[in-house]
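A.B. asks: quick one: sequence plus predicted model below, questions after.
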Amino acid sequence: MNRGRPSVLVGTPLTWLPILLSVAALGLVAGYVVGHPVSAATGDEGAPARIFQALLLADGIGIIAFGARWIPRAPKSAAAIVALQVGLAAVPVMLVLVLESAV
């Protein structure tokens, strides 16, 4: 078995799930902004906000599951992938924070 090799980690679904969830959350935010231009606060955003929260929750669970499974087996490679996953999860969150502060 190729323990610790990045090519093995890249091929696992646990590697890609958090990345895809982050991209989906970013797409949701971008789609919401395009459909609803930033204006004065209107209160609760409804379903898009709940979906965004669910995506981030699933993203966090996926990152924790990946880390728990792979960090003991391949610490360096897995830590780099976890850092990438966390960084990508931060992008939609930062975008929402920037958009909220602009209102």
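C.D. replies: Thanks, I have the structure now.
A.B. asks: which stretches of the protein form strands?
C.D. replies: In the chain, no strands are defined using DSSP state E.
A.B. asks: look through it and tell me its longest helix.
C.D. replies: Counting residues, the longest helix in the chain under DSSP state H turns out to be helix 75-102.
A.B. asks: all helices of this structure, in order?
C.D. replies: For the chain, helices defined by DSSP H occupy the ranges 6-10, 13-35, 47-70, 75-102.
A.B. asks: which residues touch the third one?
C.D. replies: Counting by C-beta atoms under 8 Å, 6 or more residues apart in numbering, the neighbours of helix 47-70 from elsewhere in the structure are 9, 12, 14-15, 17-18, 21-22, 24-25, 28-29, 32, 77-78, 81-82, 85-86, 89, 92-93, 96. For the C-beta atoms, the positions are set from N, CA and C on the backbone; glycine is no exception.
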